[in-house]
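Participant: With the sequence up front, the predicted model follows.
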Amino acid sequence: MDLVKELNSSIERMRAVPYWRERLKNCPKRLESPEDLLSFPLLEEGELRRRGREMVLVPPGDIGRIVTLRSSGTTGPPKRVYLSPVDLERTVRYFAWGLTTFCSSGDRLAVLYPGESRWSVRDMLITAAKKVGLVATARGSMDLRELMEGLTEGRWDVLAGTPAQLAAVARELKGRRFRIRLRSALSSGALLSHRTREAFSEATGAEIFDHWGCREGGYGGALECRSHRGMHMRPGILAEVLDRRGNPSPDETPGALVITTYGAHGMPLLRYKTGDLALLDRSPCHCGNGYPRLSVLGRLEEIGTDDPMDWASDLEGWGKRPSSFQGSGKRAPSAT
């Protein structure tokens, strides 16, 4: 099934729900190309907060998990994302596929993310790891001393954690006479700085693979390949990068990241504004993956300018790649 067919199928399902039927009443009935999405309205965070429950396509009994998102300093109702068992199983399969990018069967994986509940990120990652023959253990409650002890004893081949956790490991190892050896590491949950990537790799010998995701998109979103030139978008999520006027930004030009989760089952979102500043690269990748590559530069709210020109004008001197942004001296905000 091609992209246009999948988009049309998702939009047809959405129109069966009163909220979406009313919202899309003046939009084309069918898409002829992905570019036709530009005639559909953008979905704001505030709308998701107020009317998220009305966007759900499945009965209450078919909801596998409700994710509640509360932002500090924000009044009003929290955002809630409704995921069906189909969505959750798809995420597990995506995680399993992603792990094969940088792991081999039999590798020992330490998952540092917190969260003990069923269908938490940690739970899904461990489930996915077992599906592809990894020996995965949860180490989210482990303090740094215990973690360092395990690393020096060679208990694991791969780590999965946040950039802050990886940075803490790199700091702890700095200046020590002995070296530990890891094959690879997965970074997710926040913006990975160039400095953290280099420090961790130098301290452990590990190759880091960055991942971007947002809960509104069902967690998994985009994963870096061995070419390390951006993160390939997940099948089932269409990414747009828009300038301030709402027009598509040229490839490798920063803009506002908008996603359409056409592969979602319980609560697909149409042109949702993530709040991230990003760029896309649709040129061929050496790895052979044909999905566009995403580079997340930070949060739009962190730009802090009223310049009416395109986002690119705010980034003058920072360069196009995340490494340039992260070395600029400006605060690197969370990307998820």
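Facilitator: Received, thanks.
Participant: Convert the C-alpha atoms of stretch 167-175 to PDB, please.
Facilitator: C-alpha atoms of stretch 167-175 as PDB (Å, rounded to 0.1, in the frame of the first residue of the first chain):
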ATOM      1  CA  ALA A 167      26.500  12.100  30.100                       C
ATOM      2  CA  ALA A 168      26.700  11.000  33.700                       C
ATOM      3  CA  VAL A 169      28.400   7.800  32.700                       C
ATOM      4  CA  ALA A 170      30.900   9.700  30.500                       C
ATOM      5  CA  ARG A 171      31.700  12.100  33.400                       C
ATOM      6  CA  GLU A 172      32.200   9.300  35.800                       C
ATOM      7  CA  LEU A 173      34.600   7.600  33.500                       C
ATOM      8  CA  LYS A 174      36.600  10.700  32.700                       C
ATOM      9  CA  GLY A 175      40.100  10.500  34.000                       C
END
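Participant: Tell me the buried residues in that stretch?
Facilitator: Across stretch 167-175, burial judged by 16 or more other CB atoms under 10 Å covers 167-170, 173. The way it works is simple: take the backbone N, C-alpha and C, and place the C-beta from them, glycine included.
Participant: Looking at the residues you listed, which is nearest Ile126?
Facilitator: For the buried residues of stretch 167-175, the minimum distance to Ile126 (CB to CB) is 19.8 Å, reached by Val169.
Participant: Can you tell me the closest non-neighbouring residue to that closest one?
Facilitator: Once flanking residues are discounted, Val169 sits nearest to Phe200: 6.5 Å by CB to CB, 6 or more residues apart in numbering.
Participant: Over to Ala264. Which of the three states is it?
Facilitator: Three-state call for Ala264 (DSSP: H, G, I helix; E, B strand; the rest coil): coil.
Participant: ok, it - contacts?
Facilitator: Neighbour list for Ala264: 10, 87, 217-218, 236 [criterion: CB atoms under 8 Å, 6 or more residues apart in numbering].
Participant: Now Leu109: which helix or strand?
Facilitator: Assigned by DSSP states H and E, Leu109 falls within strand 108-111.
Participant: Figure out how far that strand is from the centre of its chain.
Facilitator: In terms of CA atoms, centre = their mean, to the nearest Å, the centre of strand 108-111 is found 20 Å from the chain centre.
Participant: I'd like the numbering to begin with 702 instead of 1 from here.
Facilitator: Yep, numbering from 702; the last one is strand 809-812 now.
Participant: buried ones in the next helix or strand after that strand?
Facilitator: Going down the chain from strand 809-812, the next helix or strand is helix 822-832, by DSSP H and E. By 16+ other CB under 10 Å, the buried positions in helix 822-832 come out as 822-830, 832.
Participant: need those in JSON lines with distance to Glu746, can you?
Facilitator: Compiled in JSON lines, the buried residues of helix 822-832 are given as follows (distance: CB to CB, whole Å):
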{"residue": "Val822", "distance to Glu746": "21"}
{"residue": "Arg823", "distance to Glu746": "26"}
{"residue": "Asp824", "distance to Glu746": "27"}
{"residue": "Met825", "distance to Glu746": "24"}
{"residue": "Leu826", "distance to Glu746": "26"}
{"residue": "Ile827", "distance to Glu746": "31"}
{"residue": "Thr828", "distance to Glu746": "30"}
{"residue": "Ala829", "distance to Glu746": "29"}
{"residue": "Ala830", "distance to Glu746": "32"}
{"residue": "Lys832", "distance to Glu746": "34"}
